[in-house]
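Visitor: Predicted structure and sequence below. I'll ask about it afterward.
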Amino acid sequence: MGKAQKYVLLGDATYPLQDWILKPYQEDEKLTQRQLQFNYRLKRAHSVIENAFLRLKARWQILLKCDDCSLELLPTLILACCILHNVCEAHDNPFNEEWLESTEPTELPKPCQPAPAAMEDGRAEQVRELMCQYFESCGEG
């Protein structure tokens with residue numbers, strides 16, 4: 001869309017809108033078709049990410065019990081698992097679906113209540129609007 005953007009994290013409605021946290025528009029009857037499409041695409045992206053993390057944890061089950069190692073080692077351990085996982089995926093290394101059985105999808109802790117509006121960043125709405133325009137320009141899918 002002609003404007004450089006930095007990376008953003010995907011959040012749900014409970015997180016405050018920040019220029020680095022992309023969250024859906026609040027679901028109500030006033031949403032435009034474009035905003036509904038944005039929310040749909042954000043939800044699809046979130047499910048892809050959840051699936052990727054599920055596969056990562058299933059393949060490298062040490063990630064399920066990271067309390068076994070020191071905090072200093074933890075970032076290196078996670079990075080090593082991510083790199084090895086991507087190498088396996090890139091080379092079509094067989095993924096054993098039985099690994100998923102021992103990996104229970106757990107909800108990561110997140111806020112229970114929506115963040116107060118005062119925590120929202122006004123500039124972040126511009127980022128979300130730009131992404132919304134981008135998704136619209138990409139067409140259906």
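Guide: Everything's here; your move.

Visitor: So residue 123 sits against residue 19, correct?
Guide: Yes. If you go by Cβ atoms under 8 Å, residue 123 and residue 19 touch, sitting 5.1 Å apart. Every residue, glycine included, has its C-beta placed from N, CA and C.

Visitor: Show me what the lengthiest helix in the chain is packed against.
Guide: The helix that spans the most residues within the chain, counting by DSSP state H, is helix 33-59. Under the contact definition 3 or more Cβ pairs under 8 Å, 6 or more residues apart in numbering; DSSP states H and E, helix 33-59 sits against strand 9-10, helix 74-90, helix 98-101, helix 122-137.

Visitor: and the nearest residue to residue 93 once chain neighbours are set aside, how many residues sit next to it?
Guide: Nearest residue to residue 93 in three dimensions, chain neighbours excluded: residue 87, at 7.8 Å (Cβ to Cβ, 6 or more residues apart in numbering). Residues lying near residue 87 (other Cβ atoms under 10 Å) number 10.

Visitor: sorry, back to before: residue 123 and residue 19: who's more crowded?
Guide: Legend: neighbour count by other Cβ under 10 Å for residue 123 and residue 19, higher for residue 19 (16 against 10).

Visitor: contacting residues for the more buried one?
Guide: Neighbouring residues of residue 19 by Cβ atoms under 8 Å, 6 or more residues apart in numbering: 6, 8, 121, 123-124, 126-127.

Visitor: Verify the contact between residue 59 and residue 97 for me.
Guide: No. Residue 59 is beyond contact range of residue 97, at 11.3 Å (criterion: Cβ under 8 Å).

Visitor: Kind regards, and thank you for your time.
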